[in-house]
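J.: whatever this is, show me its structure:
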Amino acid sequence: KAVKEGMLEKRSDGLLQLWKKKRCILTEEGLLLIPPKHPPPPQQQQQPPLPTEPAAKIKELHFSNMKTVDCVERKGKYVYFTVVMAEGKEIDFRCAQEQGWNAAITLQMVQYKNRQAILAVRSTRQKQQHLAAPHGPR
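T.: Numbering: from 1, shown residues only. Modelled structure (predicted):
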């Protein structure tokens, strides 16, 4: 389910480090980066919207692999921010200040990490209860 959709500019990894427009879909699981020339995904389906073109063109930044979102600076009409991945890779983005992409990505990432932490605690408690139950008090 798309939480937010729109355009973001991503700095390329190449020597020139050009800003390239990407169509972005923020979900509860991560951020999808889609080259802008591809058709928009159909809206009526319940699964995360995945376009029909080859998956190689779509990049998914999954929250499980994301460490932080750093707001670097606000300059002119843009806000510049960096998504830091778990393996240390940094991906630079910019968008118009009023779009609030950095805040939306940060919020979804925190909610995702909180859900994972709750699941981990539940799993640990269930294991402890399971281990404690058959033995009874000593």
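
J.: can you get me the start-to-end distance on stretch 89-101?
T.: 19 Å (Cα to Cα, to the nearest Å).

J.: list the buried residues in it.
T.: Using 16 or more other Cβ atoms under 10 Å as the test for burial, stretch 89-101 gives Ile91, Asp92, Phe93, Arg94, Cys95, Trp101. Quick note: C-beta positions are derived from backbone N, CA and C, even for glycine.

J.: can you give me the strands in this protein?
T.: Chain-ordered strands for the chain, with DSSP state E as the definition, fall at 2-11, 19-27, 30-34, 59-62, 66-75, 78-85, 90-96.

J.: buried set for the shortest one?
T.: By neighbour count with 16+ other Cβ under 10 Å, strand 59-62 contains the buried residues Lys59, Glu60, Leu61.

J.: tell me which other helices or strands it touches.
T.: The contact analysis (3 or more Cβ pairs under 8 Å, 6 or more residues apart in numbering; DSSP states H and E) places strand 59-62 against strand 30-34.

J.: go again with 10 Å.
T.: strand 19-27, strand 30-34, strand 78-85, helix 101-135 (3 or more Cβ pairs under 10 Å, 6 or more residues apart in numbering; DSSP states H and E).

J.: can I get these in TSV with mean pLDDT?
T.: Below are the helices and strands packed on strand 59-62 laid out as TSV (pLDDT from 0 to 100):
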stretch	mean pLDDT
strand 19-27	96
strand 30-34	96
strand 78-85	95
helix 101-135	90
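
J.: which one of these is the most hemmed in?
T.: Among those, ranked by average contacts under mean count of other Cβ atoms under 10 Å, first place goes to strand 30-34 (a mean of 22).

J.: what's next to stretch 106-121, contact-wise?
T.: With contact meaning Cβ atoms under 10 Å, 6 or more residues apart in numbering, stretch 106-121 is reached by 3-4, 26-31, 61-64, 66-71, 81, 83, 100.
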